[in-house]
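Novice: Pasting the sequence and the predicted model now:
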Amino acid sequence: MSENPLRAGLRQRRTPDPAILVIFGATGDLTERKLIPALYHMAQERLLPQNLVILGFARRDDWGDEPFREYLTKEVQAHLGERFDPRLWESFVQRLFFTPGSFGDQASFEALAKRVEELETQFHTGGNMLYYLATPPSWFAQIATDLDKVGLANREQGWQRLIVEKPFGHDLASARELNRQLNEIFREEEIYRIDHYLGKETVQNLLVFRFANAIWEPLWNRHHIDHVQITVSENIGIEDRAGYYDKAGALRDMVQNHLMQLLTLVAMEPPVEFSAGPVRDEKTKVLREVRPLDVARDTVRGQYAAGSVGGKAAKGYLEEENVPEGSTRETFVAIKLQLESWRWQGVPFYLRTGKRLPKKVSEIAIVFRQAPRVLFPADLTSDLESNVLALRIQPDEGISLTFGAKVPGAGGRIRNVTMDFDYGASFGVESPEAYERLLLDALVGDATLFTRRDEVETAWALFDPLLQAWESAPEVATYEAGTWGPKQADDLLAQDGRTWRRL
Ligand code: BG6
């Protein structure tokens, strides 16, 4: 039987073409902590072609290839510890090159273009360019313009793609403006907006779990699901990022992007195929279905005060270095969302995220409706909770299903038990880092796990009114570091007769 052409999208070519990957912000934290370790690991796994060249660009006037290599050798070795293999690194490091320069400076970009040409001749990369913007967002549009001016954005040969890091705008107007500026130079298909949650193995498995198994789909709707809880909690504080964080806050930093991405994958309809267009069409539809928020009733924000996390004393947000005095920036958000769709009408989605919560854990819990209890006396089922399907994103990646079982013995009591699937135990391998998958996808030209223009803008449109309401009424509830957020977060569910899961 010949293959349905629509299904052919599933069989993707996974060997990248030769190319030059230019990293802007090559001496930054992201490059040394995530990008280079990811590329190094990909080389180890033989996922990169021999002639994939990595060219760093940053303001280090006296640097050339050697200082760049030495710097990364030191940093990556420190990050990888025992996983650092000097022999493999020795060959990997030969791919690394460096050109010093400043954004917005024509001469720097002319020098970059010259370097690209030299490397291209040496490594036969055929004009293929992947530009990675690992810089503060205020430079994104400038770099695209700089590339265009020296003819690096649209070249006669090969493909050119642009990876844009987060944050993508800080509200709807700024996201639209950035999209407009980038789209003047790069076509939408050439722009890869990163949301690293989409690169996580467990997040991708959500689609497989939902659409490769027959048993869930009949239950995946308002007839069987009571509500959904999405938790992304962190035990760390804002670390040394006050400059960024105090302008952003938890809503922009986590909810508008990562949590909403998780929500779209849980709620979307089956796409016609697993490729960038259809998957992102379905996700965007979910975002369009979200009912406008009732700020007073459906949203909670909090800020951590001093407390203790994991037995260690933790400062309050206001005591963190460089946080402006009296800041009311939120470090915790809880929100109730409702989707106006055939599948989800009347099923609330409760989202929460925060810094300095008791532990780092990300989980999506599908809480099912209760079975009629008529057959069992109330005292036998008092410990019984609803069936819950918990998709554990990180750590201890896995999936568990909770259901009621009879406690052995004559008493006849019923209580909850759990059936578990554990990634580590089942597959015996560590999941690759999100950045490995995303870099590979961008290199092979698969944008499925990147966010599209309309998707980003729709998510901002949803939260703009909330951001404005919070700006004009800047009081924030506090919660002690090491607790699950302010009391109002519990009230949010209590008003619907529900409680957050104990994680
Ligand atoms: C980033 C946020 O996007 O995601 C950080 O800016 C947050 O504030 C991080 O700590 C969480 O990512 P992960 O992969 O550790 O869950």
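Specialist: It's in. Numbering: from 1, shown residues only.

Novice: Going by C-alpha atoms from here, please, whenever you check contacts or count neighbours.
Specialist: OK.

Novice: The stretch 51-200 of the chain: strands as residue ranges?
Specialist: Secondary structure of the stretch 51-200 of the chain by DSSP state E, counting those that start in this stretch: the strands cover 52-58, 96-100, 129-133, 160-164, 191-193.

Novice: can you put those strands in a markdown table and add mean pLDDT and distance to residue 108?
Specialist: Shown next, in a markdown table, are the strands of the stretch 51-200 of the chain (pLDDT from 0 to 100; distance: least, Cα to Cα, whole Å):
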| stretch | mean pLDDT | distance to residue 108 |
| --- | --- | --- |
| strand 52-58 | 97 | 9 |
| strand 96-100 | 98 | 7 |
| strand 129-133 | 98 | 16 |
| strand 160-164 | 98 | 19 |
| strand 191-193 | 98 | 23 |
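
Novice: Present the ones you listed as JSON lines; the columns should include distance to residue 365 and mean neighbour count.
Specialist: Compiled in JSON lines, those are given as follows (distance: least, Cα to Cα, whole Å; neighbours: other Cα atoms under 10 Å):
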{"stretch": "strand 52-58", "distance to residue 365": "41", "mean neighbour count": "23"}
{"stretch": "strand 96-100", "distance to residue 365": "43", "mean neighbour count": "21"}
{"stretch": "strand 129-133", "distance to residue 365": "34", "mean neighbour count": "24"}
{"stretch": "strand 160-164", "distance to residue 365": "31", "mean neighbour count": "22"}
{"stretch": "strand 191-193", "distance to residue 365": "27", "mean neighbour count": "24"}
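
Novice: With distance to residue 123 as added columns, please give the ones you listed in TSV.
Specialist: Output for those, formatted as TSV (distance: least, Cα to Cα, whole Å):
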stretch	distance to residue 123
strand 52-58	8
strand 96-100	12
strand 129-133	13
strand 160-164	17
strand 191-193	25
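
Novice: out of those, nearest to residue 38?
Specialist: Of all those, strand 52-58 sits nearest to residue 38, with 12.4 Å by Cα to Cα.

Novice: Just to check, residue 103 is in contact with residue 141?
Specialist: No. Using Cα atoms under 8 Å, residue 103 makes no contact with residue 141, being 10.3 Å away.

Novice: State which helix of this structure is the longest.
Specialist: As far as residue count goes, and with DSSP state H defining each element, the longest helix of the chain is helix 453-472.

Novice: Kindly state the pLDDT recorded for the residue nearest to residue 38 when sequence neighbours are not counted?
Specialist: Spatially, and ignoring its direct neighbours in sequence, residue 38 is nearest to residue 436 (5.0 Å; Cα to Cα, 6 or more residues apart in numbering). Each residue has a pLDDT score; the one for residue 436 is 95.

Novice: Which strand or helix spans residue 436?
Specialist: helix 434-444 (DSSP states H and E).

Novice: And that helix, what does it pack against?
Specialist: Applying 3 or more Cα pairs under 8 Å, 6 or more residues apart in numbering; DSSP states H and E, we find helix 434-444 packed against helix 36-44.

Novice: Give me the mean pLDDT for the helix it packs on.
Specialist: Per-residue pLDDT over helix 36-44 has a mean of 94.

Novice: what ranges do the helices span in the stretch 1-150 of the chain?
Specialist: Ranges of helices within the stretch 1-150 of the chain are 29-30, 36-44, 65-80, 86-92, 106-123, 140-149, based on DSSP state H, counting those that start in this stretch.

Novice: who wins for proximity to residue 188 among the ones you listed?
Specialist: helix 140-149 (13.2 Å).

Novice: what mean pLDDT does the closest one have?
Specialist: In the prediction, helix 140-149 has an average pLDDT of 98.

Novice: CA atoms of that helix as CSV?
Specialist: The C-alpha coordinates for helix 140-149 follow below in CSV (Å, rounded to 0.1, in the frame of the first residue of the first chain):
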residue,chain,number,x,y,z
PHE,A,140,17.0,40.9,18.2
ALA,A,141,15.7,43.3,15.6
GLN,A,142,19.0,45.1,15.3
ILE,A,143,20.9,41.9,14.6
ALA,A,144,18.4,40.9,11.9
THR,A,145,18.9,44.4,10.3
ASP,A,146,22.7,44.1,10.6
LEU,A,147,22.7,40.7,8.9
ASP,A,148,20.5,42.0,6.1
LYS,A,149,22.8,45.0,5.5
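
Novice: Next, the angle strand 160-164 makes with that helix.
Specialist: If you take axes from the mean of the first three to the mean of the last three Cα atoms, to 10 degrees, helix 140-149 sits at 170 degrees to strand 160-164.

Novice: Report the angle between helix 140-149 and strand 129-133.
Specialist: Using the same axes, to 10 degrees: helix 140-149 against strand 129-133 is 150 degrees.

Novice: in helix 140-149, what's buried?
Specialist: Using 16 or more other Cα atoms under 10 Å as the test for burial, helix 140-149 gives 140-148.

Novice: a markdown table for the helices of the stretch 1-150 of the chain, including distance to residue 191?
Specialist: Formatted as a markdown table, these follow (distance: least, Cα to Cα, whole Å):
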| stretch | distance to residue 191 |
| --- | --- |
| helix 29-30 | 19 |
| helix 36-44 | 20 |
| helix 65-80 | 27 |
| helix 86-92 | 27 |
| helix 106-123 | 20 |
| helix 140-149 | 11 |
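
Novice: So, low pLDDT: which residues of the chain?
Specialist: Along the chain, segments meeting pLDDT under 70 span 1-13.

Novice: all helices for the stretch 351-500 of the chain, in order.
Specialist: Applying DSSP H, counting those that start in this stretch to the stretch 351-500 of the chain gives helices spanning 423-427, 434-444, 453-472, 487-494.

Novice: What number of neighbouring residues does residue 291 come out with?
Specialist: Residue 291 has 13 neighbours, counted by other Cα atoms under 10 Å.

Novice: Repeat that for residue 84.
Specialist: A total of 17 residues lie near residue 84 under the criterion other Cα under 10 Å.

Novice: That one against residue 77, yeah?
Specialist: Yes. Judged on Cα under 8 Å, residue 84 makes contact with residue 77 at a distance of 5.8 Å.

Novice: Now do the shared contacts for those two.
Specialist: Overlap of the contact sets of residue 84 and residue 77 (by Cα atoms under 8 Å, 6 or more residues apart in numbering) is empty.

Novice: which ones are touching the nearest residue to residue 225 once chain neighbours are set aside?
Specialist: Counting by Cα to Cα, 6+ apart, residue 225 lies nearest to residue 368, which is 4.2 Å off, once chain neighbours are set aside. Contacts here follow Cα under 8 Å, 6+ apart; on that basis residue 368 touches 224-227, 386-389.
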